[in-house]
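**Student:** all I have is the shape, not the residue letters:
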(Lines give C-alpha, C1' and ligand atoms only; values in the text may rest on other atoms or scores of the structure.)
Protein backbone atom coordinates (compact mmCIF):
# COMPACT_ATOMS: atom_id res chain seq x y z
CA UNK A 1 0.00 0.00 0.00
CA UNK A 2 1.47 3.35 -1.05
CA UNK A 3 1.34 5.93 1.74
CA UNK A 4 3.11 8.70 -0.16
CA UNK A 5 4.79 8.88 -3.52
CA UNK A 6 6.27 11.71 -5.54
CA UNK A 7 9.12 12.19 -8.02
CA UNK A 8 11.81 12.20 -5.30
CA UNK A 9 10.73 9.68 -2.68
CA UNK A 10 8.11 7.15 -1.62
CA UNK A 11 6.77 5.46 1.51
CA UNK A 12 5.16 2.05 1.00
CA UNK A 13 3.75 -0.40 3.57
CA UNK A 14 3.70 -4.14 2.90
CA UNK A 15 2.11 -6.73 5.14
CA UNK A 16 2.54 -10.50 5.22
CA UNK A 17 2.06 -13.30 7.73
CA UNK A 18 5.17 -12.29 9.68
CA UNK A 19 4.40 -8.59 10.13
CA UNK A 20 4.46 -5.20 8.46
CA UNK A 21 7.30 -3.39 6.69
CA UNK A 22 7.54 0.36 6.10
CA UNK A 23 9.72 0.93 3.03
CA UNK A 24 11.32 4.25 2.11
CA UNK A 25 13.03 5.03 -1.22
CA UNK A 26 14.60 8.29 -2.31
CA UNK A 27 16.52 9.31 -5.40
CA UNK A 28 19.78 11.00 -4.31
CA UNK A 29 23.12 12.14 -5.67
CA UNK A 30 26.62 11.73 -4.34
CA UNK A 31 30.10 12.51 -5.53
CA UNK A 32 32.12 9.59 -6.85
CA UNK A 33 35.51 10.21 -8.44
CA UNK A 34 34.71 13.94 -8.62
CA UNK A 35 31.52 13.22 -10.60
CA UNK A 36 27.99 13.47 -9.26
CA UNK A 37 26.17 10.15 -9.68
CA UNK A 38 22.54 9.24 -9.00
CA UNK A 39 21.64 6.43 -6.64
CA UNK A 40 18.54 5.05 -4.95
CA UNK A 41 18.62 5.26 -1.14
CA UNK A 42 16.44 2.62 0.58
CA UNK A 43 15.43 2.11 4.19
CA UNK A 44 13.14 -0.40 5.88
CA UNK A 45 11.51 -0.63 9.29
CA UNK A 46 9.91 -3.86 10.52
CA UNK A 47 6.84 -3.98 12.77
CA UNK A 48 4.38 -6.50 14.15
CA UNK A 49 1.31 -4.50 13.09
CA UNK A 50 0.09 -1.83 10.68
CA UNK A 51 -0.64 0.72 13.47
CA UNK A 52 3.02 0.52 14.57
CA UNK A 53 4.17 1.17 10.99
CA UNK A 54 1.79 4.13 10.68
CA UNK A 55 3.10 5.59 13.95
CA UNK A 56 6.65 5.41 12.57
CA UNK A 57 5.50 7.05 9.33
CA UNK A 58 3.91 9.84 11.36
CA UNK A 59 7.14 10.29 13.35
CA UNK A 60 9.13 10.55 10.11
CA UNK A 61 6.67 13.05 8.62
CA UNK A 62 6.73 15.46 11.58
CA UNK A 63 10.49 15.13 12.14
CA UNK A 64 11.36 18.08 9.89
CA UNK A 65 8.53 20.36 10.95
CA UNK A 66 9.44 24.05 11.03
CA UNK A 67 6.88 25.04 13.64
CA UNK A 68 3.75 23.85 15.44
CA UNK A 69 1.45 24.77 12.55
CA UNK A 70 3.59 22.82 10.09
CA UNK A 71 3.57 19.86 12.47
CA UNK A 72 -0.23 19.96 12.78
CA UNK A 73 -0.60 20.13 8.99
CA UNK A 74 1.56 17.03 8.59
CA UNK A 75 -0.45 15.19 11.25
CA UNK A 76 -3.64 16.04 9.35
CA UNK A 77 -2.08 14.70 6.11
CA UNK A 78 -1.35 11.38 7.82
CA UNK A 79 -4.86 11.24 9.27
CA UNK A 80 -6.27 11.57 5.74
CA UNK A 81 -4.06 8.69 4.57
CA UNK A 82 -5.26 6.53 7.48
CA UNK A 83 -8.91 7.29 6.59
CA UNK A 84 -8.27 5.96 3.08
CA UNK A 85 -6.88 2.72 4.52
CA UNK A 86 -9.91 1.92 6.70
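**Tutor:** Perfect, thanks for sending it. Here the structure is a predicted model, which means the values were calculated and not measured.

**Student:** use CA for all of it now, contacts and neighbours both
**Tutor:** Will do.

**Student:** residue 27 and residue 37: what is the separation?
**Tutor:** With distances taken as CA to CA, to the nearest Å, residue 27 is found 11 Å from residue 37.

**Student:** and the host helix or strand of residue 74, average pLDDT?
**Tutor:** Residue 74 is part of helix 68-85 when elements are defined by DSSP states H and E. Across helix 68-85, the average pLDDT comes to 88.

**Student:** ok, which stretches of the protein are helices?
**Tutor:** For the chain, applying DSSP state H gives helices covering 50-62, 68-85.

**Student:** rebuild these as JSON lines, extending it with distance to residue 6.
**Tutor:** JSON lines is the format used below for these (distance: least, CA to CA, whole Å):
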{"stretch": "helix 50-62", "distance to residue 6": "14"}
{"stretch": "helix 68-85", "distance to residue 6": "15"}
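
**Student:** most tightly surrounded among those?
**Tutor:** Compared across those, helix 50-62 shows the largest average neighbour count, a mean of 16 (mean count of other CA atoms under 10 Å).
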